[in-house]
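**Student:** Quick one: sequence plus predicted model below, questions after.
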Amino acid sequence: MSLWAIQLLNGISFGMLLFLLSAGLTLTFGLMNILNLTHGSYYLLGGYIGLTVARATGNFVLAALAGSLAVGVIGILTQRGLLNKFGRDEMGQILITFGLLFLFGDLALWAWGGTPRTIPKPPLFEGSFPVGEVMFPTYRLFLVGIGAATALFLWWFQEGTRVGAQVRASVDDAEMSEGVSVNVPLVMTGVFALGAVLAGAAGVFGGPLVGVYPGADFEVLLLAFVVVIVGGIGSLKGALVGALVVGLLDTFGRAFMPELSLFAIFAPMAIILLVRPAGLLPRS
Amino acid sequence: MTSLVVENLSKSFGGLQALDRVSLEVQQGERRALIGPNGAGKTTLFHIISGAVPASDGRLYLFGRDATNMPTHRRAALGLARTFQITNLFSNLTLKKNLLLAAQGLDHTKFSFLRPMSSYGQIHSKVDGVLKEWDLWEHRDTLVRNLSHGTQRQIEILLALIQQPKLLLLDEPTGGLSPAETASVSNIIRSLPADISVLLIEHDMDVAFDLVDTVTVLHLGRVLADGPRDEVRADARVQEIYLGTREA
Amino acid sequence: MKTILLIAALVALAILALLPQVLPTYYVGLVIRVLIFAIFAMSLDLLMGYVGLPSLGHSAFLGVAAYGAGIWSVRVGNDFLLSLSFGLGLALAAAAIFGVLVLRARGPQFLMLTLALSQVLWGIAFKWKPVTGGDDGLPGIPRPVLGLPWDLSGPTGYYYFTLVFFLAAAVLMYLIVRSPFGHSLEGIRETETRMSALGYNVWLHQYIAFLIAGFFAGLAGVLLAYYNGFVSPTELHVVTSAKVFLMVVLGGAGTLFGPFLGAAVIVLMENVISGFTERWLSIMGLLYVVVVVFAPAGIYGFVRSSLRRWIPA
């Protein structure tokens, strides 16, 4: 019984991490029509930068801030410098974001080497608490909290604030928005940066859990894609539901059929495509 | 034989009711105009008839067959052709290639994998004939996106005609054209073979009433008036909407 | 114009035929890889350049066929026809399944799906040790024994073997794009709605194109497995999809010949650059950005527009 409870909690906490990761991807697409393939790199770089800062200062909060903000800056530079000018059409976006995915991944390998690393947990969440006969890491509970808080924040931001309304307006009709003095380029860069920051943060938060290692960028990119396909692209609600579904399936898959665990991810994707191609909770 | 029967067709997008129990009929050889203010649902109706968009409710019959759920390409095989309001041509291909694609659409040779396109003399001579007849021979190797807007609107109709359709849906064929170009397109429509049925969406009332025998008026997704041209033109309710929303 | 092209083709053919006689063995091996990747790149061009479906997961078909042929010849028996058929069969099966799933999506979903599906296959190959050898790969694939007086164990022998398949594949793909079916693909790339309105079953055409592309990519995979003598999960990894994608874009999508050039450039570049740095992937990533900034139409487009400026038609 507690085995199932543990896997359930594991799945939910992993799902929350996935949400953090995928929210940025789906936001960027939903609001800007850009599918950012570099998203995997944001996770990777966030994790590595967080790792370096954590080892230098011993402070997890600083590491998290450093990782997410640094990646945010990279995102801004990418969007302003490249995507804005050459990423007007789909092919341009693919070429830029795909190319950067490989560039960043390889530079990270060069800078930090090939050995997998972990980020030490913050002291506050180092312990564990009992669930039945087994001990469950407090850090995972922390992840659930972070994920929920982020979801609430994003929801409030998108629906409840003036800025959120401006963002929605800019996407729906850039020309009109400029007419009523919404600074469209600023809004676009802001959204892009937010997506990057979230992914970078996911990299740091994921550090103690799954580690930071070469190839993580491709792995999380795949997971983010599945989350977004299952949940519905462009939809925050979809990202949350998709993330939980994928998180649970991946966890149970690894626990019960480790060699073919990827099937556990592949199957829901295929089913969704055949039955509900727009995803579970597509944006209207 | 009735080319088209639309029976209580409704379409809603989320909360918006675009079409509300629309019914109309087009007989073989009939020329009918579909008019109405912006947003009345005319192009939506075309999309449903051609199969691009499914209806929410109601049925539709093409040449006696229930086509409500038929995929677009099967409707084309039955004899339906359409033009698009926003020019929808093969922009990066030459004019000749555009016409070849149109001519081949209902031909089984489109599944020929290894024989070169150039070896199909019949289709080529048919297309060459059309090019010459329509005075477009000199443009045959020009990329369509480099042709003038007026010529492109002409080709819109041409691609539909090469299919040799029995029912032709024309969506604002004179959109954005100069008076001279409009006259030219009107002539094309006027001289279509008598056995082709035509359903025409047109914004220019003079052009519309000049080319058709019957008119259906749509307003806010509903059929407001339907009948012979002169009757509809004299209808007080029709005049009211148009007087109220007439553009300069 | 046609006679010039014909003569150029014959000259190129003569050069290709004589290469092993003049080049050192090392470079012959390089040209073999160019030919294999050229088949791979041209097959992707069918999908990307002609149908307009940019797949980020084309490595799926290369890898699946490579593993198929490799596993057959190592575990069952070194019968070339059987292992070739098995490899191609797997590639076609993968294309048949992927095609159904992937064609339900457009735009970003399509991109994500193609990448995701091939990555899932990579993951399976990586972990399924008993069948694929896991991350150790599948070594010891012998060169085919044809039963003809043609020794494939050395580079020269295998070169001509690959050349024959390359020529057959290139000719077939060329015929396909010039055929009515090929033209219909271009029409679909331009506007699907118009093609439907004209009577074309767009989905069917796209699906068939997918199968054809998967088939030729599979052929490249089989040839690669035999050339390398082993298969590793890398053949299924995103990196391989990215490499072939770049070959198509760099060469010029929608031209068939462009991707052949692109394959040559990338294979040679990777070989040279890997000689003095480990940062080949960084450079590949940079090339992506360079192409989109400086030459979106690829080498082929660049050369063609330059020629137009110098030689107004």
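**Tutor:** Received the coordinates, thanks.

**Student:** ok, the residue in the stretch 1-150 of chain C positioned nearest to chain B to A:V210 distance?
**Tutor:** Per Cβ to the nearest Cβ, the residue of the stretch 1-150 of chain C with the smallest distance to chain B is C:G52, at 10.4 Å. In this view, the C-beta of every residue, glycine as well, is placed from N, C-alpha and C. When distance is defined by Cβ to Cβ, to the nearest Å, C:G52 is 37 Å away from A:V210.

**Student:** and what of C:L224?
**Tutor:** Going from C:L224 to A:V210 by Cβ to Cβ gives 33 Å.

**Student:** burial measure for the residue of the stretch 1-150 of chain C closest to chain B, as a count.
**Tutor:** By the criterion of other Cβ atoms under 10 Å in any protein chain shown, C:G52 has 19 neighbours.

**Student:** Would you confirm that it contacts C:R189?
**Tutor:** Yes. Applying Cβ atoms under 8 Å, one finds C:G52 in contact with C:R189, separated by 3.2 Å.

**Student:** Any buried residues in the helix or strand hosting C:T114, and which?
**Tutor:** Counting by DSSP states H and E, the element that carries C:T114 is helix C:107-127. Under the neighbour-count criterion of 16 or more other Cβ atoms under 10 Å in any protein chain shown, helix C:107-127 has C:108-127 buried.

**Student:** Ok, stretch C:199-211 next?
**Tutor:** Buried-residue list, stretch C:199-211, by 16+ other Cβ under 10 Å: C:199-203, C:205-211.

**Student:** State the distance from the residue of chain B found nearest chain A to A:G232.
**Tutor:** Chain B approaches chain A most closely through B:G14 (6.4 Å), counting by Cβ to the nearest Cβ. In this view, B:G14 and A:G232 are 16 Å apart by Cβ to Cβ.

**Student:** Next: B:I48.
**Tutor:** B:I48 sits 26 Å away from A:G232, going by Cβ to Cβ.

**Student:** got the contact list for B:L199?
**Tutor:** Going by Cβ atoms under 8 Å, 6 or more residues apart in numbering or on different chains, B:L199 touches B:4, B:26, B:32-34, B:46, B:49, B:167-170.

**Student:** More neighbours: which of C:L224 and A:V210?
**Tutor:** Neighbours per residue (other Cβ under 10 Å) separate C:L224 from A:V210, with C:L224 holding more: 25 against 17.

**Student:** in the stretch 151-300 of chain C, what residue is nearest chain A?
**Tutor:** C:Y288 (2.5 Å).

**Student:** pretty sure that residue is in a strand, no?
**Tutor:** No. Under DSSP: H, G, I helix; E, B strand; the rest coil, C:Y288 sits outside any strand and is assigned helix.

**Student:** Excluding residues flanking it in the chain, which one is nearest it?
**Tutor:** A:G99 (2.5 Å; Cβ to Cβ, 6 or more residues apart in numbering or on different chains).

**Student:** does the residue of the stretch 51-200 of chain A found nearest chain C sit in a helix, a strand or a coil?
**Tutor:** Nearest residue of the stretch 51-200 of chain A to chain C, counting by Cβ to the nearest Cβ: A:G99, 2.5 Å away. Here A:G99 is helix, with the state taken from three-state DSSP.

**Student:** Enumerate every residue touching the residue of the stretch 151-300 of chain C closest to chain A.
**Tutor:** A:95-96, A:98-100, A:102, C:246, C:249.

**Student:** residue closest to the middle of chain C?
**Tutor:** Ranked by distance to the mean C-alpha position of chain C (Cα atoms, centre = their mean), the top residue is C:F40 at 0.7 Å.

**Student:** any idea which helix or strand of chain A has the worst average confidence?
**Tutor:** helix A:174-179 (a mean of 65; mean pLDDT, DSSP states H and E).

**Student:** hmm, whichever helix or strand comes after that helix touching chain C?
**Tutor:** Per DSSP H and E, the first helix or strand lying C-terminal to helix A:174-179 is helix A:184-210. No. Under the criterion of Cβ under 8 Å from any Cβ of the partner chain, helix A:184-210 makes no contact with chain C; the nearest approach is 13.9 Å.

**Student:** Point out where chain B drops to low pLDDT.
**Tutor:** Residues of chain B meeting the criterion pLDDT under 70: B:243-248.

**Student:** picking up where we left off before, the residue nearest to C:Y288 against C:L287, yeah?
**Tutor:** Yes. Counting by Cβ under 8 Å, A:G99 touches C:L287, with 7.1 Å between them.

**Student:** related to what we said a few turns ago, what's near enough to touch the residue nearest to the centre of chain C?
**Tutor:** Here C:F40 is in contact with C:58, C:62, C:216-217, C:220-221, C:244, C:247, C:263 (Cβ under 8 Å, 6+ apart).

**Student:** State the helix or strand in which it lies.
**Tutor:** Element membership for C:F40 (DSSP H and E) is helix C:25-45.

**Student:** Following element in sequence after that helix, please.
**Tutor:** Immediately after helix C:25-45, counting by DSSP H and E, sits helix C:59-71.

**Student:** what's the spacing between that next one and its chain's center?
**Tutor:** 13 Å (Cα atoms, centre = their mean, to the nearest Å).

**Student:** does chain A sit close to it?
**Tutor:** No. If you take Cβ under 8 Å from any Cβ as the test, helix C:59-71 misses chain A, and the best it gets is 12.2 Å.

**Student:** quick check: mean pLDDT across that helix?
**Tutor:** Averaged over helix C:59-71, pLDDT sits at 96.

**Student:** Specify the angle between it and helix C:25-45 in degrees.
**Tutor:** 130 degrees (axes from the mean of the first three to the mean of the last three Cα atoms, to 10 degrees).

**Student:** now for helix C:59-71, which elements pack on it?
**Tutor:** helix C:80-102, helix C:107-127, helix C:129-132, helix C:202-228, helix C:238-251 (3 or more Cβ pairs under 8 Å, 6 or more residues apart in numbering or on different chains; DSSP states H and E).
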